[in-house]
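In: coords please:
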Amino acid sequence: MDGALFLREIGVVASSARSYEAPVLIFKGAEQFVREEALVVIDDAKFSRRFLGVLRYVTKLDPLLNPSQRSAVIEKPEIADEGLDIPYETSFVRIIGEIIDGRIDPPSSPPNPRSRVSVVESPGELDLKLGEGLAIGLHKHSGLQIPFRAEALRYHIAVVGTTGTGKSRLVKAIIDEVLEKTGWSVIVFDHTGMDYAPYWRSKVVRADEVVLDVETISDGLIATIGSAERLFEEYVPLALIRYILCGGSGPCKDYQDLNDLKKMEINISREILEKRTLELSRKKGWKASELAKTTADVADDLGARQSTCMKLALYIALFAETYVKRLNNMSLTINELVEKARRDRLLIVDLSTVETEARRAIVKGFLERLWDMVSEKLEPANTLIVVDEAHNYACMQGCSPSSALIEKTLREGRKWGLGVLLASQRVIDLSPDVRNNVNTVFFSRLQTPYDYEQLRNFVDLAGIRPESLSLLETREFFFAGLGNPLKYPMLIRVREVGEPGR
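Out: Presented below is the predicted three-dimensional model:
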């Protein structure tokens, strides 16, 4: 109990205290030291117990100005300045636990009324054994370091907040700590190419350098043409296969059956297609005019009308030249990139250089490869996958094919050291299966009241109100869940991570 001598007393516990919450009457002259979310210690001298808590619902009252009762100040405004010492202040302490030998144990009974309440103004005033972990930030008012428990990486993380809250700075701090203090690798999918890529320019791979599968190239080509004609969906995938395996337009020497699709009985593996796609890109063999001819030929082989064949060739030649030319940038397979990430421990994939469909396919491809490695080696991968703007990749509808692999990793990845960090502006857009499998959450100002309601469904907010969130400044987040050693939402200020180099 001697530690209480070094703390500033601000009040006493009032009547009606509970094991999880205690009302407090604030001393006159101590109001200036009372702040919402401040850490406090309750010293129960009668039973020699000590509690740790945070202040909530700070309220100023005046018995002469009760809004539900008539007051003489209505007729005589001049008396409002009289009796200035009458107002008083109350608050509530949300009790985190009982302090026993530096540990925080769950409280089994409430503190005794009249117990003294003191505010923690510096970390040296508390002797807490919170263990080692990742240094993400400090408690806003006390400066106490609340380490992120590294073992919680495999149980997944969500960072939620509207634009301007500092989500990317928080994620950057987590990545730095993971690289410095653990043996894990990190793969970051940077949605805009502006949040993480500038910090690690030597570790960046552009998404248009990643070899795509036929289905993704086909979807991108159809979307680029922008035609309402469904005929593209029927002919383009087959035309792409012929074009890739034949190394461009013209007769196919290595795969004779591709010259007559009606008789095609050929065993084509995904590995062969990927290899030939890479070869075609490296020799700059993607040309819109030649792909247009191949597509028309395929349609003709399959019995399409001449007008259909002409439309296919014309639309691709006219509208897809930029898209097709960009396919020549593909030079790296996902297998190579996953190995690079594990070797170098960090890989940033700049997704901004491709369309949304291709972005989702790339995220899905990386996760598929990581799961293949787990299946092959039957050992933990120890890899953190960071998905920026995650509501574009793990939403309830329309985020295929990335959403299915992200959900699988969230459900099953903890056993194999596959952790996921999702950064998003919108809680409501994340699928329920995603939300229910995230065990550590950092949250700040939210976009809508609906996001608050969804957040409350999978995080114990311990009485934090949406009005409190709206007052948070940049780089201020509540830290809740499994990674928090206090097991209680704590308001932290994320440490500085600096500006990216030029």
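
In: show me where the stretch 251-400 of the chain has helices.
Out: 270-282, 288-301, 306-319, 321-326, 334-344, 356-377 (DSSP state H, counting those that start in this stretch).

In: Which positions in stretch 340-353 come out as buried?
Out: Buried residues in stretch 340-353, counting neighbours by 16 or more other CB atoms under 10 Å, are found at Lys340, Ala341, Arg342, Arg345, Leu346, Leu347, Ile348, Val349, Asp350, Leu351, Thr353. C-beta here means a position set from N, CA and C on the backbone, and glycine is covered the same way.

In: With respect to Glu215, which of these is nearest?
Out: Leu351 (17.9 Å; CB to CB).

In: The helix or strand where Asp43 lies pairs with which strands, parallel or anti?
Out: Asp43 is part of strand 39-44 when elements are defined by DSSP states H and E. Its sheet considered, strand 39-44 pairs with strand 49-61 (antiparallel), strand 116-119 (antiparallel) by DSSP bridges.

In: Which is the succeeding secondary structure element to the first one?
Out: The reference is to strand 49-61. As assigned by DSSP H and E, the chain's next helix or strand after strand 49-61 is strand 88-100.

In: Show me what the following helix or strand past that next one is packed against.
Out: Sequence-wise, the next helix or strand downstream of strand 88-100 (DSSP H and E) is strand 103-105. Secondary-structure packing of strand 103-105 (3 or more CB pairs under 8 Å, 6 or more residues apart in numbering; DSSP states H and E): strand 88-100.

In: Neighbouring strands - and their directions - for the strand it packs on?
Out: Strand 88-100 is paired, per DSSP bridges, with strand 21-26 (antiparallel), strand 49-61 (antiparallel), strand 103-105 (antiparallel).

In: Let me know the average pLDDT across the shortest one.
Out: Rounded to a whole number, the mean pLDDT of strand 103-105 is 93.

In: And stretch 158-173, by the same measure?
Out: pLDDT averaged over stretch 158-173 gives 96.

In: now do stretch 356-363
Out: 95.

In: CA-only coordinates of that stretch in CSV, if you can.
Out: Extracted C-alpha coordinates of stretch 356-363, given in CSV (Å, rounded to 0.1, in the frame of the first residue of the first chain):
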residue,chain,number,x,y,z
THR,A,356,-9.9,-4.6,-58.3
GLU,A,357,-10.6,-8.1,-59.6
ALA,A,358,-6.9,-8.7,-60.1
ARG,A,359,-6.1,-7.3,-56.7
ARG,A,360,-8.4,-9.8,-55.1
ALA,A,361,-7.0,-12.6,-57.2
ILE,A,362,-3.4,-11.8,-56.1
VAL,A,363,-4.4,-11.8,-52.4
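
In: list the buried ones in it?
Out: Within stretch 356-363, the residues that count as buried by 16+ other CB under 10 Å are Glu357, Ala358, Arg359, Arg360, Ala361, Ile362, Val363.

In: mind checking how far that stretch is from the chain centre?
Out: Centroid separation for stretch 356-363 versus its chain: 17 Å, with CA atoms, centre = their mean, to the nearest Å.

In: got it, and stretch 319-338?
Out: Remark: stretch 319-338 is offset 27 Å from the chain centroid, using CA atoms, centre = their mean.

In: Pull out the buried positions in that stretch.
Out: Burial within stretch 319-338, assessed by neighbour count using 16+ other CB under 10 Å, is assigned to 320-321, 323-324, 326-330, 332-335, 337-338.

In: Nearest to Ser281 among those?
Out: Checking those against Ser281 by CB to CB gives Met330 as the nearest, at 4.1 Å.

In: Isn't Ala341 up against Val349?
Out: No. Judged on CB atoms under 8 Å, Ala341 makes no contact with Val349 at a distance of 9.2 Å.

In: Mind listing the shared neighbours of these two?
Out: Common contact partners of Ala341 and Val349 (CB atoms under 8 Å, 6 or more residues apart in numbering): Ile187.

In: ok, Thr308 touching Ala299?
Out: Yes. Between Thr308 and Ala299 a contact is recorded at 5.8 Å, counting by CB under 8 Å.

In: For the two, work out which one has more neighbours and name it.
Out: Ala299 (26 against 18; other CB atoms under 10 Å).

In: Now do that one against Glu290, distance only.
Out: Distance, Ala299 to Glu290, by CB to CB, to the nearest Å: 15 Å.

In: same check, this time on Glu376
Out: Taking CB to CB as the measure, Glu376 falls 38 Å from Glu290.

In: What is the burial count for the closest residue in space to Thr383 that isn't next to it in sequence?
Out: Take Thr383 and drop its neighbours on the chain: the residue closest to it by CB to CB, 6 or more residues apart in numbering is Ser185, 4.8 Å away. Close neighbours of Ser185, defined as other CB under 10 Å, add up to 23.

In: swap in Thr474?
Out: Thr474 has 13 neighbours, counted by other CB under 10 Å.

In: Model confidence at it, what's the number?
Out: In this model, Thr474 is scored at 95, pLDDT.

In: Relative to Phe478, which of the strands paired with strand 39-44 is closest?
Out: Closest among the strands paired with strand 39-44, using CB to CB: strand 49-61, at 10.7 Å.

In: how much space between the residue found closest to Lys287 once you drop the neighbours it is linked to in the chain and Arg242?
Out: Nearest non-adjacent residue to Lys287, counting by CB to CB, 6+ apart: Val324, 6.7 Å away. Between Val324 and Arg242 the distance is 15 Å, computed by CB to CB.

In: Kindly report the same for Phe51.
Out: Distance, Phe51 to Arg242, by CB to CB: 73 Å.

In: Compare neighbour counts for the two and give me the winner.
Out: Set Phe51 next to Arg242 and count neighbours by other CB under 10 Å: Phe51 wins out with 25 against 22.

In: Bridge partners for the closest residue to that one other than its chain neighbours, pull those for me.
Out: Leaving out its chain neighbours, the residue that sits closest to Phe51 by CB to CB, 6+ apart is Ile42, at 4.1 Å. Ile42 has these beta-bridge partners by DSSP bridges: Phe51, Val117.

In: what sits against Ile42?
Out: Counting by CB under 8 Å, 6+ apart, Ile42 makes contact with Val13, Ala22, Arg50, Phe51, Leu52, Gly53, Val93, Ile95, Pro111, Ser115, Arg116, Val117.

In: If Ile104 is in a bridge, with which residues?
Out: Going by DSSP bridges, Ile104 forms beta bridges with Ile99.

In: measure it to Ala462 for me?
Out: Separation of Ile104 from Ala462 (CB to CB): 14 Å.
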